[in-house]
Each structure stands twice: as structure tokens, then as C-alpha cells.
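# I'll drop the sequence and a predicted model, then ask my questions.
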Amino acid sequence: MLSDAAPGKLRIVHGDVLTFKIERAFPGSLKRQWEDDPPNVHIIGNLPFNVSTPLIIKWLENVSCRGGPFVYGRTQMTLTFQKEVAERLTANTGSKQRSRLSVMAQYLCNVQHILTIPGQAFVPKPEVDVGVVHFTPLVQPRIEQPFKLVEKVVQNAFQFRRKYCYRGLGMLFPEVQRVESTGKLLELADVDPTLRPSQLSVSHFKSLCDVYRKMCDEDPHLFAYNFRELKQNKSKTQEKEDDKERDRL
Ligand SMILES: C[S@@+](CC[C@H](N)C(=O)[O-])C[C@H]1O[C@@H](n2cnc3c(N)ncnc32)[C@H](O)[C@@H]1O
């Protein structure tokens, strides 16, 4: 009905936004250089919350490698999220909502929480309020390291939210070298080990990622070390042991 009302001006594509190839959706003539003003392509989305959160992670990774919607340049996005997620995306250093998402979004984009729409404005009314967030990719990311490396450092740092940051960052390293390597990382990055994860600024994360990158270059096995995976595998092994024990009884 909508496309009939605007012939030639509106094209409706039925599909899954998570797999849709936006990079092929618009004419190549719209492409701009990364350093130029944003292109005449704007992504606007009001998606279910279980889609919008994984999607923003995917699109942030696309920003970092200038892929997906960002083959057109610094494509702007205006997206809705559960209000709490919108607050996390835009949270400043030191605030209660400061989280992994804040750092991942803010190192790559200028992020603004434009407005909050009360849940009752929608039919059917969702359980939560809705935050509208605007993203403009930065010409120069605040951290110039691969997305996966930044994600790993940030994820580990926020692993123990209430503890000093050295606790979470320590999990980047195998147990045998943990104390020494964490000390070296924090010292070379000039980061106070007793800051809480929420007190770490993007520029703290930049130093941490740069030093961690050097440490990974020196030790090729380091990046593959994953404390979380080990923990999961350990608990699976423990589960199996428990099952065996139960069978014996
Ligand atoms: C909150 S409603 C918004 C409806 C309308 N766009 C608006 O703003 O009023 C979310 C819409 O996202 C659609 N949707 C859900 N999952 C999707 C996906 N993976 N890809 C594309 N659309 C999806 C649903 O069909 C639904 O129409």
C-alpha cells in the first residue's frame, strides 16, 4: 500500500535485517569517501529489542572495517532500543550505566540519546520505555586496533563490574603469568589498577588495547587465550564428572 502510494519513490524489501545485504541496496553513485560528510543514506530502525541489540554490535563491527552499510561512507543511523540499552550506549565515563556497549559504540561513533518515548505511546504497549539513539561514525576511530581485539579487552575489563579493573583485565592472561602480565599491561598503559571498569575512559581503553596488541604480537598464543571459554569447558567437564558420580550412587 505504501509503495503504491509513492510510485518510483519507495521500495519495500521483505527480509531479515540481520542477513539483508544493505551494501547492495543503494546505487554506487551515493558512495562518499570516509573522510567526507556522511552520504545521503540514513538507516532508521524500530526493531524488536532482541534484534536491535545484536544488530548494533554487527553494525559497529561493520563501521570498524567500513563494510555493510558503511561501504557508502559514514552512514548515519537512528535506531530504537530499550531505554536502558540506549542509556548504556551513551553513558559517560564514571556513570552507573557505563558498560561494554558504551565503550564499543563510543570508540567508533558519535552517539546521542535523542529522546525517550514512553512505552504507552505504542500499541501494544511494551513493558519498557524506548530510547531513540543516533549514531554517526567517526572519521578516525578513538581506538585503532581490530574490532575483535578491542571487544576482547573491553569484555574482560567489564567482567567484574564492581571490582578494581585489574581483576577483569587479568583474565586476558593465562593463570601462570596473570599477575606479572596484568601488572605490565597496566603499567605500560599508564592505567591505575584500582579504577573500577566504569571509570575507564575510551582513552584508557585505547592505551590498554595498544599495549595488549603489542603483547599479543610478542606472544602469538596470547590472543587465542580465552578465560571464559576455559571456564565454560571446565564447568561442562565438572557437569560430566557430577553425572558420573550420580550414576555411581
Ligand atoms: C516495533 S515494530 C515496528 C513497526 C514499524 N516499523 C514502526 O516503526 O511502527 C518491529 C517491526 O520489526 C519487524 N521485524 C522483526 N524482526 C525483524 C527482522 N529480523 N528483520 C526485519 N524486520 C523485523 C517486525 O515484523 C515489526 O514489524
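Perfect, I can see it now.

# near the ligand, which residues of the protein?
By the rule Cβ under 6 Å from any ligand atom, the part of the chain lying against the ligand is 16-18, 46-48, 51. C-beta: built from backbone N, CA, C; applies to glycine.

# hmm, try it at 8 Å
Proximity of the chain to the ligand is assessed by Cβ under 8 Å from any ligand atom, with 15-18, 20, 45-48, 51, 80, 122 identified as the residues in range.

# Show the buried residues in these.
Listed as buried from these are residue 80; burial here means 16 or more other Cβ atoms under 10 Å.

# Let's see which of the residues of the chain next to the ligand end up in strands.
Among the residues of the chain next to the ligand, the subset assigned to strands under DSSP state E consists of 45, 80.

# Return the subset of the residues of the chain next to the ligand lying in helices.
For these, the ones inside helices are residue 51, with DSSP state H as the criterion.

# Could you single out the nearest of the residues of the chain next to the ligand to residue 132?
Using Cβ to Cβ, residue 80 is the member of the residues of the chain next to the ligand that sits closest to residue 132, with 5.6 Å.

# so what's the closest one up against?
45-47, 52, 86, 117, 130-133 (Cβ atoms under 8 Å, 6 or more residues apart in numbering).

# 6 Å instead, please
Contact criterion Cβ atoms under 6 Å, 6 or more residues apart in numbering gives 46, 130, 132 as the residues in contact with residue 80.

# any idea how far it is from residue 116?
Applying Cβ to Cβ, to the nearest Å, one obtains 10 Å for the distance of residue 80 from residue 116.

# now swap in residue 178 and tell me
From residue 178 across to residue 116, the span is 42 Å (Cβ to Cβ).

# out of the two, which sits in the busier spot?
Regarding residue 178 and residue 116, a neighbour count based on other Cβ atoms under 10 Å identifies residue 178 as having more, with 16 against 13.

# Can you tell me the SS state at that one?
At residue 178 the chain is in helix, as set by DSSP: H, G, I helix; E, B strand; the rest coil.

# Quick check: closest non-adjacent residue to it.
Taking Cβ to Cβ, 6 or more residues apart in numbering as the measure, residue 178 lies nearest to residue 170, with 4.9 Å between them; neighbours along the chain are not counted.

# Using CSV, write out every CA atom in stretch 118-129.
What follows is stretch 118-129, C-alpha atoms only, in CSV (Å, rounded to 0.1, in the frame of the first residue of the first chain):
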residue,chain,number,x,y,z
PRO,A,118,7.2,6.3,26.8
GLY,A,119,6.0,2.7,26.4
GLN,A,120,2.4,3.9,26.4
ALA,A,121,2.9,5.6,23.0
PHE,A,122,3.0,2.2,21.4
VAL,A,123,0.2,-0.3,20.6
PRO,A,124,0.5,-2.9,22.0
LYS,A,125,2.3,-1.1,24.9
PRO,A,126,5.8,-2.6,25.6
GLU,A,127,6.8,-3.3,29.2
VAL,A,128,9.6,-0.7,28.9
ASP,A,129,10.3,2.8,27.6
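
# Which parts of the chain are strands?
42-45, 76-82, 109-117, 130-137.

# Show the pLDDT at residue 112.
What the model reports for residue 112 is a pLDDT of 98.

# same question but for residue 74, I mixed them up
Confidence at residue 74, expressed as pLDDT, is 98.

# burial count for the nearest residue to it once chain neighbours are set aside?
Spatial nearest neighbour of residue 74, chain neighbours left out: residue 137 (4.2 Å); criterion: Cβ to Cβ, 6+ apart. Residue 137: 23 surrounding residues under other Cβ under 10 Å.

# ok so, going back, from the residues of the chain next to the ligand, which single one is nearest residue 199?
Proximity of those to residue 199 was ranked by Cβ to Cβ; the top entry is residue 80 with 29.1 Å.

# Thank you kindly, that will do.
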